[in-house]
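In: Next comes the sequence, and after it the predicted model I'd like to discuss.
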Amino acid sequence: MKPSVFHLILLGICSVNLSAQEGNLTITQDPKFEQMLNEKRKINSSITVNDRYKIQLYNGESETAKKTLSDFRRDNKNFDGTIVFSTPTYKVWIGNFKSRIEAERNLVDFKKKYPNAFLIKPNK
């Protein structure tokens, strides 16, 4: 019984000296970060990718999508292209056409080399 009383007294003495940390925290942020964030917001708001027509050349595996885009860029330097991942496949989208007529004209030409190509208008 004496060891338990001793432990209680020791615990009481130790608990008197315990204290918590202070809650003061100061964060300093580089002003360039806010400037960069504002620039990114401007760029994102100016991108009009989703209201334009595109042509999808390929839908499938990653490596084949990369090869398709690479081949397309080599042969067509005037058109932009990108790979879009939509689970579980990769899609190669090309062009940024303002009108459906413009996109359809180009689609006829691209179908000669890419017979599975078709016209799309991505949603926001």
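Out: It's in.
In: Please report phi then psi for the closest residue to residue 114 other than its chain neighbours.
Out: Distances taken as C-beta to C-beta, 6 or more residues apart in numbering put residue 57 closest to residue 114, at 4.6 Å, once the chain neighbours are dropped. Placement of C-beta: from N, CA and C, glycine included. Residue 57 adopts backbone torsions of phi -90, psi -30, taken as degrees, to the nearest 10.
In: Just the pLDDT at residue 57, thanks.
Out: The model reports residue 57 with a pLDDT of 95.
In: ditto for residue 8
Out: Among the per-residue scores, residue 8 shows a pLDDT of 73.
In: Contact partners for the residue nearest to residue 114?
Out: Neighbouring residues of residue 57 by C-beta atoms under 8 Å, 6 or more residues apart in numbering: 68, 69, 72, 81, 92, 93, 94, 110, 114, 116, 117.
In: Most neighbours among those residues, please name it.
Out: For the contacts of residue 57, neighbours were counted using other C-beta atoms under 10 Å, and residue 92 has the most, 26 neighbours in all.
In: Confirm that residue sits in a strand?
Out: Yes. Residue 92 forms part of a strand when assessed by DSSP: H, G, I helix; E, B strand; the rest coil.
In: Helices of the chain, start to end?
Out: Using DSSP state H, the helices of the chain run over residues 2-16, 31-46, 62-75, 100-113.
In: Now distance to residue 122 too, for these, in JSON lines please.
Out: Below are these laid out as JSON lines (distance: least, C-beta to C-beta, whole Å):
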{"stretch": "helix 2-16", "distance to residue 122": "64"}
{"stretch": "helix 31-46", "distance to residue 122": "16"}
{"stretch": "helix 62-75", "distance to residue 122": "16"}
{"stretch": "helix 100-113", "distance to residue 122": "12"}
